[in-house]
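Colleague: give me a 3D structure for the following:
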Amino acid sequence: MAAVTIPRLDDTDSVWEGFPVVGKPGWYRSTDSAGKTLKPLIRCNCGAVSGIGLHHVYADGTVTASFYHKKGNVYPEDPEGCGWHVFLKLADWTGEDIPPDPK
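Modeller: Coordinates of the predicted model:
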């Protein structure tokens, strides 16, 4: 499965503005209160926005493991999941290497 490159979305507006935006996946920049870059928020192909805490974001914008908006009722599944399952590449990523969150 080839990676799907998703664009950086404008982070000057609310992540939820115009929600949901179906068929236009992308990523939003996220920082802590000190301005340190955190893992981005991902807008799925169905328009839902979610975090990717269990994923690794590499300096080149590659995200592993695959992104799967799985439908279900057990975390990390989503009752509204759409089944979009892809490998992601973040266009215009800022260059940080951010490993998966500790389990």
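Colleague: and stretch 37-56, how far out from the chain middle?
Modeller: Counting by C-alpha atoms, centre = their mean, to the nearest Å, stretch 37-56 is centred 2 Å from the centre of its parent chain.
Colleague: pull up the distance across it, start to finish.
Modeller: 14 Å (C-alpha to C-alpha, to the nearest Å).
Colleague: same question, stretch 48-59
Modeller: Termini of stretch 48-59 sit 25 Å apart (C-alpha to C-alpha).
Colleague: again with stretch 74-82
Modeller: 15 Å.
Colleague: need the contact partners of that stretch.
Modeller: 44-46, 48, 50, 54, 69-73 (C-beta atoms under 8 Å, 6 or more residues apart in numbering). Backbone N, C-alpha and C define where each C-beta goes, glycine included.
Colleague: compile the residues you listed into JSON lines and extend it with columns for pLDDT and distance to residue 1.
Modeller: Shown next, in JSON lines, are the contacts of stretch 74-82 (pLDDT from 0 to 100; distance: C-beta to C-beta, whole Å):
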{"residue": "44", "pLDDT": "92", "distance to residue 1": "16"}
{"residue": "45", "pLDDT": "92", "distance to residue 1": "14"}
{"residue": "46", "pLDDT": "91", "distance to residue 1": "18"}
{"residue": "48", "pLDDT": "89", "distance to residue 1": "21"}
{"residue": "50", "pLDDT": "90", "distance to residue 1": "20"}
{"residue": "54", "pLDDT": "91", "distance to residue 1": "19"}
{"residue": "69", "pLDDT": "92", "distance to residue 1": "15"}
{"residue": "70", "pLDDT": "90", "distance to residue 1": "16"}
{"residue": "71", "pLDDT": "89", "distance to residue 1": "19"}
{"residue": "72", "pLDDT": "87", "distance to residue 1": "21"}
{"residue": "73", "pLDDT": "87", "distance to residue 1": "26"}
